[in-house]
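below are the sequence and a predicted model for it; my questions follow.
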Amino acid sequence: MTTIVIPEGFTYVGASLMSTVFLLVGQSLVVSKYRKRAGIKYPQMYAEVADTKASKDALIFNCAQRAHQNTLENIPSIYVTTIIAGLRYPLYAALTCAAFTVSRIIYTRGYVSGDPAKRAGLAYRLSSIALLGSVGIATYTAGEWVVQGILKALA
């Protein structure tokens, strides 16, 4: 039987993962705010192009919705890689997750400025670097587990 030991510092992993919950709630609130302002009824996901040309609130709603959707597209990878990496390298895992969260806040603020090009600044790059860093650390950790398992089986 394999025993998983939770390393010292794993509490930081938990805290960084919780920060993503607050990020998603915050993004949801922004989407709701601009949905109401733009008068976009449920279940419509986005404002029509004509609406975005006629109303800045409709454009900002689309931007907020897209920022939230893009974060939702990346969050499963952040969760999995942060947990795996955190079991071996908790501080690095927590740091990459926290960097992702902070960069996504800045990304969202840029996106909802009304100029979608403002989303793709340094913050967007930082979130990509954080995700890649987390993937790298988790891949290395999982690789260590596989090698250890093979060596144990051969012994």
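Looks like it arrived, so ask away.

please, where are all the helices along the protein?
10-38, 49-54, 56-86, 90-111, 122-154 (DSSP state H).

now the fourth one, how far from the centre of its chain.
Computed by Cα atoms, centre = their mean, to the nearest Å, the chain-centroid distance of helix 90-111 equals 7 Å.

that helix packs against which elements?
Packing partners of helix 90-111 (3 or more Cβ pairs under 8 Å, 6 or more residues apart in numbering; DSSP states H and E): helix 10-38, helix 56-86, helix 122-154. In this view, the C-beta of every residue, glycine as well, is placed from N, C-alpha and C.

kindly report the same for the last one.
In this structure, helix 122-154 packs against helix 56-86, helix 90-111, with contacts taken as 3+ Cβ pairs under 8 Å, 6+ apart.

buried ones in the last one?
Just to be clear, that refers to helix 90-111. Within helix 90-111, the residues that count as buried by 16 or more other Cβ atoms under 10 Å are 90, 92-108, 110-111.

I'd guessed residue 20 sits against residue 100; true?
Yes: Residue 20 is within contact range of residue 100, at 7.4 Å (criterion: Cβ atoms under 8 Å).

pLDDT wise, what is residue 89 at?
Here the pLDDT value assigned to residue 89 is 96.

tell me the contacts of it?
Residues in contact with residue 89 (Cβ atoms under 8 Å, 6 or more residues apart in numbering) are 137, 141.
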